[in-house]
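Undergrad: Sequence below, structure please.
(one chain, ligands or ions: 2)
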Amino acid sequence: MTISSFPPIHKPSRDDMPVAPNLEYAKTRAGFDWQQMYSELDWLPGGYLNKAHEAIDRHANGPRRDKIAMIWEGKNGEREDYTFGQLKTLTNKFANVIKSLGIETGDRVFLFMDRLPETYIAFFGILKAGAVVGPLFSAFGPDPVRDRLQDSGAKVLVTQPELRRRITGIIPELFELQHIIIVNKNNRDTEGRDMADLDWDEEMGKASTDFDTVRTSQYDYSVMHYTSGTTGKPKGAVHRHQAVVQQYATGKWALDLHEDDVYWCTADPGWVTGTSYGMLAPWTNGLTQLIYEGGFRASAWYEMLQKHKVSVWYTAPTAIRMLMKAGEELPHRYDLSRLRYSCSVGEPLNPEAVVWGEKAIGMPFHDNWWQTETGAILVANYPEMDIRPGSMGRPIPGVEVGVVDENFDPAPPGVDGNLVVRPGWPSMFHSYWNNTEMYNSRFRKGWYVTGDSARVDEDGYFWFVGRTDDVINTAGHLVGPFEVESALIEHPAVAEAGVIGKPDPIAMEIVKAFVALKDGVEATPALQRELTRFTRQKLSAGVAPREIEFVPTLPKTRSGKIMRRLLKARELGLPEGDTSTLEEEE
Ligand code: ATP
Ligand code: MG
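TA: Ligands and ions are numbered 1, 2, ... in the order given. Next comes the predicted model:
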């Protein structure tokens, strides 16, 4: 009934672990009350809550003032370190800058930036000023930027010279945009700026280092993120300051952050993982974190882990599959002895990838599940808990997660159903910007409907099946694409696989797989037959793909998710729909 045939990975007892895990799952989950966690926050006088205060100022005002909060490594090898104390001063300055521009509580200020220190400074400065911050991924072209800035009605945009040039054509269409602030990092750009724009250094130079963080309530809006666009047009999910309590708690529980850790989250702040876990979770926990501006290259990533003595690492399945492609040998050339805990999110993590972690980096990857809408981790594998490879783990304390049938009755163990969450978890999104109807449609019969399909086993472990829209109905069987993809990538020739249901007059749908092969492997009819045989052995004949097509790469979102809806649209010759987040294809 489980999706994988891999045996469980057993964990030593707590006492035998070099670092005792923060979370004792069963004990904490029993009778948990969020009040316990709220009381670990610092709060502002009068019961106000602001994420920037919890992430930065509370440490800057206390014993962590001179602790390094951010180690920044630039793409050209530059290095800058920032203490919590310095971040407090810089974010105060930026809060003064945007206040001086007339920004009020609730106004939207957007970032269109690479992973620069200024991105992080601006993010928290905006929150201190009481405004709502919206980060955009820096690889976006003009259209996705225009759509998001128009939809959100952003008044200020912080960006960089080369990105500003990329979107020059759309600026006249942004009627609510009042100011553009340009960060020319280390004067890397020599082309000169548009005189109508403001210059970061000039504005920061004039700004006072004192700022009284705006007294936002826990219910005030703080961060908005557009979703990845995997299943359709991206939605602007809006979060409140209150989300910080769950980001803090899950940083402790699921990422097991400890005071002396060096933490690296590889996600870009243009996506929710890059803010919830690339900013809020580590810093509310007072940690030192690495920010690496460069992009993915297997050797560069291992180099980062070694050089900065990273101990906790949070990454994503696509990256792990690319590391796997680069081979198991490569990581052994680096000293990864400080690394003690690794996690993954964003897509289903194939059991093969979980187990590969053990061989390659000396530990399995701990998968966890959440969404832009959920604001923070809801289901996770924890350090003290045995891993069942292919399972997303178990719900965090204080949250009820279920699998239900179409009548919203609980599905029995092992039976697929809709993955739902009881509303009211602290980091729950509070709206889809300008789309109340869509927001309301996600809440049914006392549940939040995630749009994912899953099953739960007798011991309460959750197993991802697929997006509800992607589940395939073939001759009366419901087949989750993840199961088929995972079987395919167990074959040594396969790098990645994307599986869809292709309409069929007899079976209703047949299972069709698109397969990208590892470098140097030739796509031959014999290999096609071999893969068919291979998957039939692993899966039942009804579930194994009836058609296998070799492709050079799979279409992915810029956040690295396989876009099955595009595979399907292309297969059927249908319109491709919103492709604003599609990564450029080779
Ligand atoms: P859109 O909502 O615009 O279609 P998206 O759902 O991909 O895009 P995100 O909020 O970034 O946008 O992604 C959340 C989704 O990613 C989840 O609903 C789930 O389908 C998938 N996901 C995230 N983590 C996991 C995981 N550990 N296992 C399986 N799926 C995951
Ligand atoms: Mg989604």
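Undergrad: Only C-alpha atoms from now on, for both contacts and neighbour counts.
TA: Noted.
Undergrad: residues in contact with the nearest residue to residue 339 once chain neighbours are set aside?
TA: Excluding the flanking residues, the one nearest residue 339 by Cα to Cα, 6 or more residues apart in numbering is residue 311, at 3.9 Å. Listed by Cα atoms under 8 Å, 6 or more residues apart in numbering, the contact set of residue 311 reads 261, 262, 263, 305, 338, 339, 340, 341.
Undergrad: any idea how far residue 397 is from residue 379?
TA: Residue 379 sits 9 Å away from residue 397, going by Cα to Cα, to the nearest Å.
Undergrad: list the contacts for residue 563?
TA: Listed by Cα under 8 Å, 6+ apart, the contact partners of residue 563 are 230, 231, 554, 555, 556, 557.
Undergrad: Quick check: pLDDT value at it.
TA: pLDDT recorded at residue 563 is 95.
Undergrad: what about residue 462, how many neighbours?
TA: Residue 462 is flanked by 29 other residues according to other Cα atoms under 10 Å.
Undergrad: before we move on, back to that, make JSON lines out of the contacts of residue 563 and add pLDDT, neighbour count and distance to ligand 1.
TA: As requested, those are exported to JSON lines (pLDDT from 0 to 100; neighbours: other Cα atoms under 10 Å; distance: Cα to the nearest ligand atom, whole Å):
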{"residue": "230", "pLDDT": "89", "neighbour count": "23", "distance to ligand 1": "4"}
{"residue": "231", "pLDDT": "88", "neighbour count": "18", "distance to ligand 1": "3"}
{"residue": "554", "pLDDT": "95", "neighbour count": "22", "distance to ligand 1": "15"}
{"residue": "555", "pLDDT": "96", "neighbour count": "21", "distance to ligand 1": "13"}
{"residue": "556", "pLDDT": "95", "neighbour count": "21", "distance to ligand 1": "10"}
{"residue": "557", "pLDDT": "92", "neighbour count": "18", "distance to ligand 1": "8"}
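Undergrad: Which pair of those spans the longest distance?
TA: Spatial extent of these (Cα to Cα) is set by the pair 231 and 554 at 15.2 Å.
Undergrad: just to revisit the earlier point, just checking: which of the contacts of residue 311 also lie near ligand 1?
TA: Counting by Cα under 6 Å from any ligand atom, nothing from the contacts of residue 311 sits close to ligand 1.
Undergrad: Tell me the one of those nearest ligand 1?
TA: residue 341 (16.2 Å; Cα to the nearest ligand atom).
Undergrad: The closest one contacts residue 315, correct?
TA: No: counting by Cα atoms under 8 Å, residue 341 stays clear of residue 315, with 11.2 Å between them.
Undergrad: so who does residue 356 touch?
TA: Here residue 356 is in contact with 324, 328, 364 (Cα under 8 Å, 6+ apart).
Undergrad: Just the buried residues of those.
TA: Buried members of the contacts of residue 356, counted by 16 or more other Cα atoms under 10 Å: 324, 364.
Undergrad: Quick one: the contacts of residue 356 as CSV, columns for pLDDT too.
TA: Formatted as CSV, the contacts of residue 356 follow (pLDDT from 0 to 100):
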residue, pLDDT
324, 94
328, 94
364, 97
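Undergrad: Can you flag which of the contacts of residue 356 belong to helices?
TA: Among those, DSSP state H puts residue 324 in helices.
Undergrad: could you redo the contacts of residue 356 as TSV and give each row distance to ligand 1?
TA: Listed next are those as TSV, based on distance: Cα to the nearest ligand atom, whole Å:
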residue	distance to ligand 1
324	18
328	23
364	14
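Undergrad: quick revisit: among the contacts of residue 563, which are located in helices?
TA: Of the contacts of residue 563, none are assigned to helices by DSSP H.
Undergrad: Test my guess that residue 197 contacts residue 180.
TA: Yes: assessed by Cα under 8 Å, residue 197 is found in contact with residue 180 at 5.2 Å.
Undergrad: Ranking by neighbours, what's the top pick from the contacts of residue 311?
TA: Neighbour max across the contacts of residue 311 (other Cα under 10 Å) = residue 263, 30 neighbours.
Undergrad: which residues touch it?
TA: With Cα under 8 Å, 6+ apart, residue 263 has these contacts: 257, 282, 287, 288, 289, 290, 310, 311, 312, 313.
Undergrad: From these, keep the buried residues only.
TA: 257, 282, 287, 288, 289, 290, 310, 311, 312, 313.
Undergrad: Can you tell me which of the residues you listed is closest to ligand 1?
TA: Of the buried ones among the contacts of residue 263, the one sitting nearest to ligand 1 (Cα to the nearest ligand atom) turns out to be residue 313, at 15.1 Å.
Undergrad: mind checking how far that closest one is from residue 71?
TA: Distance of residue 313 to residue 71, computed by Cα to Cα: 15 Å.
Undergrad: now residue 552
TA: With the distance defined as Cα to Cα, residue 552 ends up 37 Å from residue 71.
Undergrad: Which of those two has more residues huddled nearby?
TA: Ranked by neighbour count (other Cα under 10 Å), residue 552 and residue 71 place residue 71 first, with 21 against 15.
Undergrad: Model confidence at that one, what's the number?
TA: 98.
Undergrad: Isn't it up against residue 83?
TA: No: counting by Cα under 8 Å, residue 71 stays clear of residue 83, with 9.0 Å between them.
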